[in-house]
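Peer 1: Pasting a predicted model and its sequence here:
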Amino acid sequence: MKQPPQERFAESSGPSPAHMALMYGVMIVGAIVLFLTVDSCGEGLVAPGPGPPGARDSATVGGKPDALVHVLVALTAVLLMGRLLSLLFLCVRQPPVIGEVIGGILLGPSVLGRLWPEAAAFVLPPSVAPFLGVIAHLGVILYMFLVGLELSPAVLSERAHATVAISHASIIVPFLLGATMSLLLYPRLSSSDVSFTSFALFVGVAMSITAFPVLARILTDQRMQRTQMGIIALGCAATDDLTAWCLLALVVGVVQAKMGGAFLVLGLTAAFLAIMLLVVRPVVARLLARLGETQLTPGVVALVFAAVMVSALTTEWIGIHTIFGAFLLGAIIPHDSVVARAFPKKMGELVTVLLLPAFFAFTGMRTRIGLVSGLEHWLICGLIIAVATAGKFGGALLAARFTGLGWRESAVLGILMNTRGLMELIVLNIGLDLNVISPTLFAMMVLMALVTTTATTPVLQWLTPGSSPSAHAGLVWHGEWAVHDAPGPTP
């Protein structure tokens, strides 16, 4: 049978496993040596002095008695604005999350706050930030649990050696480029109360993120999700997500511990991972096997929610943020269990349509594009976008070519791995919460996430002209939003 255009790509036998292992080891060791070299160069740099208390985030002041009214108004405004812009972006084949993020920014101080300050003070007043932040963090916790549930061992096992090599190369290259770029950013956009090591580690991780759900959505739109290229891309993105979140947990632990107690945080994290994988996972698998195909009862649903909260609280107590606990719990639940199949359907629309708009509003309040002013700032912003793109695209392309894919297919994979979306915003908000990055750098990074995610679809359509979807019909939840499933035979 003749294969669809997107499945016909040249693939050589590739290097031997021993050669792959050798090159992988050289890549890891080389990355460590290069980062330590950059870190030693940056230790002598001096950043500007810390700002006055509260200067880092003016949207975190205390509340007022009418906070509930403002929260409801803010959620309504962001929800409607996000839906409207999502529909507009769908018309030009862009992920709806772009419209939702831009909707939050439009209602924040960057646009509405400048054009109509009175309206901005009513829709998103600073006093509503703490309450909106609680809702936003709850939405992100539940969302990361769903992302963990989406990780399929079958996808990860497809072409495992190539998947790991490509994924880790697409992390290591942008990580090192981001850390090196910190030599330029730290004296200009950080402060003296942040060590260069913490700053460089975080910038490197922020450059390394790939949004697995965004990539899945784009592949579905392009009718590529079941092709060989689609399976490789999903496997790389899933491995990338898992590795990047572990790396971010390490960085957050170092930052939270102020280096002095970093080993304690790392030790507790390793113990938590071991308990979850070696003890909790088999117990959960046995319990869910007893449920079989029966419907979830309210009691089981309550236990799952309680487990999510306990896992999130545990990682918060350790010092590596609540989202890691929620994500790990979702990842250890068997992918074929009734919980993994039913919870996205039960929670998907609630989380993505109601709770995540609070996160977009919260992010919009904290994104002040006006801070990116002057030629130097915009040149730095352009450099951040260029480095982020070159690192992700170049790392994935070279690794894919080394494992045997053709140049065009390697380029397609590099473009897909450059997708960031909501995952990047979650990472950036963590950095702003920890005061590792300044509001100015936060705004630049948000612009980088928007540009790299927006560029993916048009470049992908240019590289794979035969993969454009037909008219869509029906909606099912998939990760960050409703996915349009096209009718007709699957490729």
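Peer 2: Cool, the structure landed. Predicted model, so just to flag it, every value in this text is computed and none were measured.
Peer 1: hey, let's count contacts and neighbours off CA atoms from now on
Peer 2: Noted.
Peer 1: Could you measure from residue 346 over to residue 271?
Peer 2: 32 Å (Cα to Cα, to the nearest Å).
Peer 1: If we ignore the residues flanking it in sequence, what's nearest residue 24?
Peer 2: In space, and not counting its chain neighbours, residue 24 is closest to residue 165: 7.0 Å by Cα to Cα, 6 or more residues apart in numbering.
Peer 1: Go ahead and report the secondary structure state at that neighbour.
Peer 2: Assigned state for residue 165: helix (three-state reduction, DSSP: H, G, I helix; E, B strand; the rest coil).
Peer 1: and it, how many neighbours does it have?
Peer 2: Here the number of neighbours of residue 165 (other Cα atoms under 10 Å) works out to 24.
Peer 1: now residue 333
Peer 2: Residue 333: 23 neighbours (other Cα under 10 Å).
Peer 1: Next: residue 66.
Peer 2: 10.
Peer 1: Please report how far it lies from residue 396.
Peer 2: Separation of residue 66 from residue 396 (Cα to Cα): 50 Å.
Peer 1: Return the residues in contact with residue 137.
Peer 2: By Cα atoms under 8 Å, 6 or more residues apart in numbering, the contact list for residue 137 reads residue 359.
Peer 1: Swap in 10 Å and give it another go.
Peer 2: Contacts for residue 137 (Cα atoms under 10 Å, 6 or more residues apart in numbering) come out as 143, 322, 323, 355, 356, 358, 359, 362, 426.
Peer 1: ok, and the most crowded of those?
Peer 2: Highest neighbour count within the contacts of residue 137, by other Cα under 10 Å: residue 358, with 31 neighbours.
Peer 1: after the helix or strand where residue 121 lies, next one along is what?
Peer 2: For residue 121, the element it lies in under DSSP states H and E is helix 117-123. Scanning forward in sequence from helix 117-123 by DSSP H and E, the next helix or strand is helix 129-150.
Peer 1: Can you mark which positions in that following helix are buried?
Peer 2: Across helix 129-150, burial judged by 16 or more other Cα atoms under 10 Å covers 129-133, 135-150.
Peer 1: what are the ranges of the strands in this structure?
Peer 2: Applying DSSP state E to the chain gives strands spanning 475-478, 481-484.
Peer 1: Quick check: mean pLDDT of the first one?
Peer 2: What it means is strand 475-478. On average, the pLDDT along strand 475-478 is 33.
Peer 1: Same check on the last one?
Peer 2: Regarding strand 481-484, the rounded mean pLDDT is 34.
Peer 1: any low-confidence regions in the stretch 101-250 of the chain?
Peer 2: Residue ranges of the stretch 101-250 of the chain with pLDDT under 70: 151-161, 213, 216-217, 220-222, 225-226.
Peer 1: Can you show me the helices along it?
Peer 2: Using DSSP state H, counting those that start in this stretch, the helices of the stretch 101-250 of the chain run over 112-115, 117-123, 129-150, 153-157, 160-189, 196-208, 212-221, 228-256.
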